[in-house]
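Engineer: compute the structure for the input listed below.
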Amino acid sequence: MKFAKDRRRWHSWLFEAKKRFGLRILNYVVTSNHIHLLVIDSGPDVIPKSLQLIAGRTAQEFNHRKDRKGAFWEDRYHATAVERNEHLIRCLVYIDLNMVRAGVVSHPVEWEMNGYNEIQNPPERYGVIDMSGLRNLCGFTDPEQFAEQHRQWVHEAINNGKNQRESCWTESIAVGSSGFIEETKAKLGIKAAGRRIAEQQEDRFVLKEEHAPYNAGFRNQMGLLSPENSYFLDVSLLDFAS
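Structural biologist: Sure, this is the predicted structure:
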């Protein structure tokens, strides 16, 4: 999706998924070759139905315009469970800085198709982000106070060099405290066989996939992406590529 019109069409279908299925969106960024989407899983079928709509219609429109056939998306989406609290905030900022890390822009305000601009200047119509839900999850009630804090988080991350790629957000099954990771592994039950808990930082743990890690290679066989490896989550970071 190297053209802005394709990224805008993806965004329009994201809005449609919000209306049609009640998808609760917290943040997003649409790049030329992949997408990050932070959502609250509000029902067993909300995320898969939403992404089926978004990905399917985006592919159909592109193929029709280009008079082409075949797959548009290289693989299914990968979902990472993110614990609420500071881990959610870190994930929020990580998504904001995607195009800064890529060297395309120096600040997320310069990239049109991302959630940063909507969080800072919520539109009166056609907004996709659940602003009240996002504020509550981040511990804020006042919109202006949250917008200011959000700007500060991003500013500090850029100035302190904390905008490097962190594989935990796109290569893990879950990110959070040790208790959250243990709970996630327990809920997966037998499906968690072969998966290990790793401590990345003093206060950050991840549940990793031993044999089928998600990476930029997008191998054809990726066990952690299948429905059999899933359960109902509160907050998820979704990552899928085109």
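
Engineer: for C138, see how far away Q145 is.
Structural biologist: Separation of Q145 from C138 (Cβ to Cβ, to the nearest Å) stands at 10 Å. C-beta coordinates here come from the backbone N, C-alpha and C atoms, glycine included.

Engineer: please say which of these two ends up with more neighbours.
Structural biologist: Neighbour count, other Cβ atoms under 10 Å: between Q145 and C138, C138 has more, with 18 against 11.

Engineer: what residues does that one make contact with?
Structural biologist: Neighbouring residues of C138 by Cβ atoms under 8 Å, 6 or more residues apart in numbering: L88, I89, L92, F146, Q149.

Engineer: spell out the secondary structure type for the residue lying closest to S106 once chain neighbours are set aside.
Structural biologist: Among residues not flanking S106 along the chain, V100 sits closest, at 6.6 Å (Cβ to Cβ, 6 or more residues apart in numbering). On the three-state scheme (DSSP: H, G, I helix; E, B strand; the rest coil), V100 is labelled helix.

Engineer: contact partners for V100?
Structural biologist: Contacts of V100 by Cβ under 8 Å, 6+ apart are S106, H107, P108, I158, N163.

Engineer: for the residues you listed, pick the one with the most neighbours.
Structural biologist: Top of the contacts of V100 by neighbour count (other Cβ under 10 Å): P108, with 23 neighbours.

Engineer: contacting residues for it?
Structural biologist: V29, D96, L97, N98, M99, V100, N114, Y116, N117, V154.

Engineer: got a list of contacts for the longest helix along the chain?
Structural biologist: For the chain, the helix with the greatest residue count under DSSP state H is helix 46-66. The contact list for helix 46-66, computed with Cβ under 8 Å, 6+ apart, reads 1, 6, 9-10, 13-14, 16-18, 20-23, 39, 41, 68-73, 77, 79, 227, 236, 238, 240.

Engineer: and the helices in this structure?
Structural biologist: Ranges of helices in the chain, per DSSP H, are 4-21, 46-66, 86-96, 98-101, 115-120, 131-137, 143-159, 168-171, 178-188.

Engineer: by contact count, what packs against the last one?
Structural biologist: If I follow you right, that is helix 178-188. Here helix 178-188 touches strand 172-176, strand 195-201, strand 204-209, going by 3 or more Cβ pairs under 8 Å, 6 or more residues apart in numbering; DSSP states H and E.

Engineer: okay, these in TSV with distance to V128 and mean pLDDT next?
Structural biologist: Output for the helices and strands packed on helix 178-188, formatted as TSV (distance: least, Cβ to Cβ, whole Å; pLDDT from 0 to 100):
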stretch	distance to V128	mean pLDDT
strand 172-176	23	92
strand 195-201	30	82
strand 204-209	28	86
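
Engineer: for the chain, which residues score under the pLDDT cut-off?
Structural biologist: 73-74, 202, 210-242 (pLDDT under 70).

Engineer: can we see that at 50?
Structural biologist: 211-233, 241-242 (pLDDT under 50).

Engineer: report the outermost residue of it with respect to its centre.
Structural biologist: Within the chain, D67 marks the point farthest from the mean C-alpha position, 30.2 Å out by Cα atoms, centre = their mean.

Engineer: closest one of the contacts of C138 to A198?
Structural biologist: Using Cβ to Cβ, L88 comes nearest to A198 of the contacts of C138, at 19.6 Å.
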